[in-house]
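Chemist: Provided below are the primary sequence and the corresponding predicted coordinates.
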Amino acid sequence: MDKIKLATVWLAGCSGCHMSFLDLDEWLIDLADGVEVVFSPVACDRKDYPEGVDLCLIEGAVANLDNLELLHQVRDRTRILVSFGDCAIHANVPGMRNLWGAESAAAVLERGYLELADTTPQLPNEPGIVPPLLNRVTPIHELVAIEHYLPGCPPPADRIRSLLQALLDQQTPPHSGRDLLKFG
């Protein structure tokens, strides 16, 4: 039997979902029997997202142009996409920037690089230093189709395992009950 090609992606978020994924502890050894991790910030040094990914857990909201480009690449190259954690589902903490209004990107940059600078206040203007910020931080499902949602901040390891085991067994993951649906 071919192994499932698994990827995990981290956009605008804190990496807490990936830390919770690592809390699967010994079950990660069992998981390795059924999957090949082909892209992940915690397990691979690969810089390009591969073709033909079966399953991807994508953490974080879309806050900048790099996030947006990667999200579209992930969607184009992935069969099953899971919105992984509350930032991916609701924009959560990164989305608080949206409270600054339609010009939140400019406001954030001015606050961070001009108003709060200790010395030489200046906006970054060299490509590659800071990816261009989008004016709105957006949850993933508003931009691309999602097959499954995995709520929590972060989702507990048991909830991650439940979803992954169901998908490995080619079953529909459970999406009912307080333990599988509560946020936060």
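Modeler: Here it is on my side, so go on. For clarity, every value in this text was computed on a predicted model and none was experimentally measured.

Chemist: Low-confidence ranges, this structure, go.
Modeler: 1, 175-184 (pLDDT under 70).

Chemist: can you give me the helices for it?
Modeler: Assigned by DSSP state H, the helices in the chain fall at 16-22, 27-34, 65-77, 86-90, 104-110, 157-168, 178-181.

Chemist: Show me which residues of the third one are buried.
Modeler: Buried residues in helix 65-77, counted by 16 or more other CB atoms under 10 Å: 67-68, 70-71, 74-75, 77. For glycine as for every other residue, the C-beta is placed from the backbone atoms N, C-alpha and C.

Chemist: Going by distance to V130, which of the residues you listed wins?
Modeler: N67 (12.4 Å; CB to CB).

Chemist: quick one: that closest one from M19, how far?
Modeler: N67 sits 20 Å away from M19, going by CB to CB, to the nearest Å.

Chemist: what do you get for I89?
Modeler: Distance from I89 to M19, by CB to CB: 17 Å.

Chemist: So for those two, which residue has more residues nearby?
Modeler: For I89 versus M19, the count of surrounding residues by other CB atoms under 10 Å is larger for I89: 21 against 12.

Chemist: hang on, isn't the more buried one packed against I140?
Modeler: Yes: the criterion here is CB atoms under 8 Å, and I89 meets it with I140 at 7.5 Å.

Chemist: between these two, what contacts are shared?
Modeler: S83 (CB atoms under 8 Å, 6 or more residues apart in numbering).

Chemist: list the buried ones in stretch 129-142?
Modeler: 131, 133-140.

Chemist: Between all of those, which two are separated the most?
Modeler: Top of the distance list for these (CB to CB): P131 and P139, 18.4 Å.

Chemist: residue nearest the centroid of this protein?
Modeler: Most central in the chain under CA atoms, centre = their mean is E59, positioned 1.6 Å from the mean C-alpha point.

Chemist: where's the closest residue to it other than its chain neighbours relative to S104, distance?
Modeler: Spatially, and ignoring its direct neighbours in sequence, E59 is nearest to C17 (4.0 Å; CB to CB, 6 or more residues apart in numbering). Using CB to CB, C17 is found at 23 Å from S104.

Chemist: Of the two, which one has the most company?
Modeler: C17 (25 against 20).

Chemist: Test my guess that the more buried one contacts P155.
Modeler: Yes: the pair C17 / P155 is scored as a contact, 6.3 Å apart, by CB under 8 Å.
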